[in-house]
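Student: Build me a structure from this.
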Amino acid sequence: MFELYLIRHGQTEETCHVTDPYSAQLTAVGLDQSRALAGACAAWQIEYLGVSTTLHSQQTADIINERLPQAMRRDLQDLEDVTLDDLNLDPTASHRMETWTPEQRQAGLRQTWTRVTSALARILLYCERNGVERIALVAGPDVLSLVLLSYFGLDWRMDGRMSIQLDAGSTTHLTVSSDGRIQVDWVNRLP
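Tutor: Prediction:
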């Protein structure tokens, strides 16, 4: 049995105010949310942190890691939200996702699904081999939604048909039993 905590990074600057939307920093509210998340992670006794390499996820994880220095931490580019790279250098696409066509979004999600599910498999294998039972992933909403979809037996094609709203600074908790049964204890809870 293991417990999986999906942690959305704290609130960020509006992406229209930054040149690179993948490097938006946490706001003052986001920093407060991250401190609250750190307290919750300490209470949950998180043993492993898998962290997206986006700036806001890194900032959130840094605050958590200060509170839990003994937790194993891995920063993984594979946990980044959908990026322009996921469109395989489509020359018509901008780095701003809100300008993408529905077809571009689907192509990006398909690529993201592939890298996120393989990263999750590697994380779970590592944790199983090392007796780690409390795992947290710190990432953006698309990645965390894809992880949830995978546990529901669904995939990236549900985008547009099923909406999973994950608020900034929120957590989702899943318990996976030794026989593979999944229990979702909460979604979108603030610490």
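
Student: All the helices of the protein, residue numbers only.
Tutor: Taking DSSP state H, the helices of the chain run over residues 28-44, 55-67, 102-129, 141-151.

Student: could you list every residue that touches the most centrally placed residue in the chain?
Tutor: Residue closest to the average C-alpha location in the chain (CA atoms, centre = their mean): Ala139, at 2.6 Å. By CB atoms under 8 Å, 6 or more residues apart in numbering, the contact set of Ala139 is Leu6, Ile7, Arg8, His9, Gly50, Val51, Ser52, Thr54, Ser57, Leu79, Glu80, Asp81. For every residue, glycine as well, the C-beta is placed using N, CA and C.

Student: next one: phi and psi at the fourth one?
Tutor: The one in question is His9. Here is the backbone geometry of His9 (degrees, to the nearest 10): phi -50, psi 160.

Student: ok, back up a step: which one of the helices of the chain lies nearest to Asp159?
Tutor: helix 102-129 (5.4 Å; CB to CB).

Student: just checking, what packs against that closest one?
Tutor: strand 2-8, strand 48-52, strand 72-76, strand 134-139, helix 141-151 (3 or more CB pairs under 8 Å, 6 or more residues apart in numbering; DSSP states H and E).

Student: Need the ones you listed in a markdown table (columns: mean pLDDT and distance to Asn65).
Tutor: A markdown table is the format used below for the helices and strands packed on helix 102-129 (pLDDT from 0 to 100; distance: least, CB to CB, whole Å):
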| stretch | mean pLDDT | distance to Asn65 |
| --- | --- | --- |
| strand 2-8 | 98 | 12 |
| strand 48-52 | 98 | 7 |
| strand 72-76 | 97 | 6 |
| strand 134-139 | 98 | 10 |
| helix 141-151 | 94 | 19 |
